[in-house]
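In: below are the sequence and a predicted model for it; my questions follow.
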Amino acid sequence: MTVETQKDEFIYVLLHEKDNSVIQHTVTSKKPQKSDIEGFINHKSKKKSEEVKAAPPAKSETFVGTLKAFQSVMTTYRRAIAFTIKVSPSISALMVTKEISEFAGQRGQKMSDISTDECTIYKLPQDCAGTISERYDAAMAAIQARSIFRKSPSLGW
């Protein structure tokens, strides 16, 4: 996300809503046109969801069974750590989107004339760009932390 400056005295926050929740946002310094709004709403993520296969239950009637049960629990634990690190940027992004939508609702003026059912648009004074940029930087820090953790050999992937 980049916040352009000095093109207008206002910045505009577009909030994509689905099922009464804001699912994504964007910030621009130029007044959004109908084509901008449609492109924002129709933007599709190219990420594919990954299946997580559960480990088969192990019988613990013998030492070998107990060892397999322990291995199964440890494998589940390691997958949980990896999953947590993997989804943390998405969670951070949603938290930032929520913060920005609340901020836009408090400080901005809703533009009912160009807002749609799926996209609410707020006009904010240019001096709000710094606050929005700080929130965005916090999300980027979380995403960068994920890449650092992915390289850690102690996590085993």
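Out: Yep, that arrived.
In: how distant is the longest helix that the chain contains from the center of its chain?
Out: Longest helix in the chain, counting residues (DSSP state H): helix 63-107. In this view, helix 63-107 has its centroid 13 Å away from the chain centroid, taken as Cα atoms, centre = their mean, to the nearest Å.
In: partner strands of the very next helix or strand once past that helix and their direction?
Out: Later in the chain than helix 63-107, the nearest helix or strand by DSSP states H and E is strand 109-110. Paired neighbours of strand 109-110 in the sheet (DSSP bridges): strand 119-125 (antiparallel).
In: so which residues make contact with the partner strand?
Out: 9-17, 32, 37, 40-41, 104-105, 107-111, 114-115 (Cβ atoms under 8 Å, 6 or more residues apart in numbering). Every C-beta, even on glycine, is put in place using the N, C-alpha and C of the backbone.
In: next, the buried residues of it.
Out: Buried residues in strand 119-125, counted by 16 or more other Cβ atoms under 10 Å: 119-124.
In: and that strand, how far from the chain's centre?
Out: Here the centre of strand 119-125 is set off from its chain's centre by 20 Å, with Cα atoms, centre = their mean.
In: so that strand versus helix 63-107, what angle?
Out: 60 degrees (axes from the mean of the first three to the mean of the last three Cα atoms, to 10 degrees).
In: then stretch 115-125 to CSV, C-alphas only?
Out: What follows is stretch 115-125, C-alpha atoms only, in CSV (Å, rounded to 0.1, in the frame of the first residue of the first chain):
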residue,chain,number,x,y,z
SER,A,115,-20.3,4.1,-2.1
THR,A,116,-22.0,0.8,-3.0
ASP,A,117,-23.4,-2.1,-1.0
GLU,A,118,-20.1,-3.9,-1.2
CYS,A,119,-17.7,-0.9,-0.9
THR,A,120,-18.0,2.0,1.5
ILE,A,121,-15.8,5.1,0.7
TYR,A,122,-14.7,7.7,3.2
LYS,A,123,-13.0,11.0,2.5
LEU,A,124,-10.5,12.1,5.1
PRO,A,125,-8.2,15.1,5.5
